[in-house]
Each structure stands twice: as C-alpha cells, then as structure tokens.
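>>> Build the 3D model from these lines:
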Amino acid sequence: MFSQYLATSAAKTSEPPKLPKSVIFATSGIGGCMGWAVIHPFNTIAVRMSLSSMSGKPFSLNAMVAEHGIMSVYDGLSAGLARQVFYATSRFGLFETFRDYAHEIRGKTDFASRVIIGATTGGIAAYLSCPMEVAVVRMS
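Numbering: from 1, shown residues only. Predicted structure coming up:
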C-alpha cells in the first residue's frame, strides 16, 4: 500500500516529497539525544579530569568507579539530554528552515549561503542551549 503511494508520487514528480518542519525538528532533537547518550560518559570523564587537575589532584577512573560506581559516568545525563533538545533541535531545524527560505528568495543555495546560514543557526542554538551546558558541567 505504502509502496504504491511512493511509486505513484515518484511517477508524478522527480523530487521526493518535502518533510513537514515538525518532523525535521523532532528528528533533529532525537538524533542529538541519541548521540549525546553515547558521548556523555566520555564528557563526564573529561570534565572530572579537568576539575581534578585544576585542584592539583591526580585523576583515576578506577578510583572514581570504586567510589561512586560505574553508573557515575552518567551523572548529569538529564541535563545533557535537555541541552541536546534545545541545541540539536534548533541547530538542525533552523538550518533547514533558513536554507529553504534562502532558496525561495534567491532561487539557489550556494556553498557560501549555507556556510552563513550554518554559522547563524549554530550561534542561535548555542545561545539557546548555553544555560543547559552550565548545568551539564555542574552535574557531572
């Protein structure tokens, strides 16, 4: 049934159907959260290594696991996921939105336009997610 729909819609136009903006924003946020769930333990270890070197103490992963348990590498995961909800969703979602808008205005989207749009939307996303980044460091 679905394959018939795709076959008939592909026969009518050569380009794939556009995704709604809500789907673009949602998949951006979900993808960011999935990536952060993998990266978060390494970020936690890096933050703790940095904090221990600032205080003049040697860092030991074995000592951290012995004292707090193996799941301590996931301390602050909720703040990290909240950051990704704001950062990844706004960065990728706004990029797609701004790029499509620029394409409508100019009729094309060249490399320089995409770089400028990427820098702008990345800055907006960083501004929105900055308070959550502080929470990630504090909770790690």
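>>> ok, longest helix in this structure?
helix 21-54 (DSSP state H).
>>> Report the central residue of this protein.
With distances taken as CA atoms, centre = their mean, Ala88 lies nearest the centre of the chain, 3.0 Å away.
>>> Helix or strand: which one has that one?
In this structure, Ala88 sits in helix 77-106 according to DSSP states H and E.
>>> Could you pull out the buried residues of that helix?
Residues 77, 79-96, 98-99, 102 are the ones in helix 77-106 that count as buried (16 or more other CB atoms under 10 Å). To be clear about C-beta, it is placed using only N, CA and C from the backbone, and glycine gets the same treatment.
>>> related to what we said a few turns ago, distance of the closest residue to the residue nearest to the centre of the chain other than its chain neighbours relative to Leu128?
Closest residue in space to Ala88, ignoring its immediate chain neighbours: Gly32 at 2.4 Å, by CB to CB, 6 or more residues apart in numbering. Gly32 sits 13 Å away from Leu128, going by CB to CB, to the nearest Å.
>>> Can you give the contact residues for stretch 49-67?
Stretch 49-67 is contacted by residues Ile45, Arg48, Ser72 when judged by CB atoms under 8 Å, 6 or more residues apart in numbering.
>>> measure the residue nearest to the centre of the chain to Phe25 for me?
From Ala88 over to Phe25 the distance is 10 Å, taken as CB to CB.
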